[in-house]
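Student: Sequence plus the predicted model coming up.
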Amino acid sequence: MTETAAAPAGLGSFERWLSLWVALAMGAGLALGELAPGPFQALAGMEIANVNLPVAALIWAMVFPMMVGVDFGSLSHVRDRPRGLAITLAVNWLVKPFTMAALGVLFFQHLFAPWIDPAEGREWLAGLILLGAAPCTAMVFVWSNLTRGDPTYTLVQVSVNDVIMVFAFAPIVALLLGVGDIAVPWGTLLLSVGLYVVLPLLAGVAVRARLARRGGEAAVAAFKDRARPASIAGLLLTVTLLFGFQGGVILDRPLAIGMIATPLLIQSYGIFFVAYLAARAARVPFEVAAPCALIGTSNFFELAVAVAISLFGLGSGAALATVVGVLVEVPVMLSLVAFANRTRGWFPPQAPR
């Protein structure tokens, strides 16, 4: 696998304004939920085993193209950048989920407690826990490319994190939901992980292998480019549905979005600097340090949204919190990409390979 083949495309003009499109989808959902509540109620009733079928289809449209981009053949390079990978794994699995839960408890059960219902605060906390336990799978390729990060290292860290996520996501979420005094429906949680992580990952690996046999990495890249519009459409339609169901609550309490965004912003910037400064202290080259820090900062929000809906429902505070995570992420990540590019000189140059 060459670096050229592994390198992802940069952030397109549509993706660069993703926060705007998400905000417009939120507004459309609010308006449609008020003007046409009947169709939204019909969609909400299309469930099997607590899985909403329309949302499940949209989540697959989002997630599947990302899974095709994961190359487990890159695991042969796992020892090429051991310090960067060690920092990535420590931050993603030993720090990030727990700091996110701690911030949720601090804000929703203490600092903001006088202004929110305790049950609502627990659901917001659950949404934050789901975001914190799911490191980025796809968008990190974009952030890495914008910092001219090492594409092989980025592919390795995503592949390793996906393997860990299959086994660690459900136990970590269950542990933190229990600590937050939130009931854990284990059956639904495991079903969600199977439906939204394991199955699309296996399907993505199979499709990638078939494409690679036919046309190599160029065929894989072409497929991902063709699938990108469906992935973005799935995201925006999911947001529209969520806000259609949440409309009454949000219109009555617009400050809810700001309260949910506050710990998310603190977490995002805090996690980035923990990983970035650890990489600097370990004298990791910038081409590894940047994606090492960015993967933990960015979230696999597609998975978080899907699991929140399965566990708590389309109209839940947990689902709302995960969607606010989508709204917050893109501007935060672009600001951190700009910061990383300005501080490239903090790190030693990458050795020739």
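Tutor: Okay, I see it.
Student: For the protein, which segments count as strands?
Tutor: Here the chain has its strands, by DSSP state E, at 47-48, 51-52.
Student: any chance of the ones you listed in JSON lines, plus distance to R148?
Tutor: (Glycine included, C-beta is placed from N, CA and C.) Written out in JSON lines, the entries for these read as follows (distance: least, C-beta to C-beta, whole Å):
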{"stretch": "strand 47-48", "distance to R148": "45"}
{"stretch": "strand 51-52", "distance to R148": "40"}
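Student: Could I get the phi/psi values of D71?
Tutor: When read as degrees, to the nearest 10, the backbone of D71 gives phi -110, psi 110.
Student: show me what contacts S310?
Tutor: 50-52, 188-189, 191-192, 195 (C-beta atoms under 8 Å, 6 or more residues apart in numbering).
Student: where's it relative to M62, distance?
Tutor: Per C-beta to C-beta, to the nearest Å, S310 is found 15 Å from M62.
Student: go on, H110?
Tutor: Distance, H110 to M62, by C-beta to C-beta: 34 Å.
Student: which one of those two has more residues nearby?
Tutor: M62 (26 against 10; other C-beta atoms under 10 Å).
Student: dump the residue contacts of that one.
Tutor: 231, 234-235, 238, 302.
Student: Tell me how far stretch 40-57 lies from the chain's centre.
Tutor: Relative to its chain's centre, stretch 40-57 lies at 22 Å (C-alpha atoms, centre = their mean, to the nearest Å).
Student: Now do it: everything it contacts.
Tutor: 32-33, 185, 188, 191-192, 195, 238, 241, 244-245, 306, 309-311, 314-315.
Student: Sort out for me which of the residues you listed are in helices.
Tutor: Under the assignment DSSP state H, those contribute 32-33, 188, 191-192, 238, 241, 244-245, 306, 309-311 to helices.
Student: Roughly how far does the residue nearest the centre of the chain sit from T238?
Tutor: Nearest to the geometric centre of the chain sits F300, at 1.7 Å (C-alpha atoms, centre = their mean). With distances taken as C-beta to C-beta, F300 is found 14 Å from T238.
Student: What of V91?
Tutor: Distance, V91 to T238, using C-beta to C-beta: 28 Å.
Student: Give me the more crowded residue out of these two.
Tutor: Taking neighbours as other C-beta under 10 Å, V91 and T238 compare with T238 leading, 28 against 24.
Student: Sounds good, over and out.
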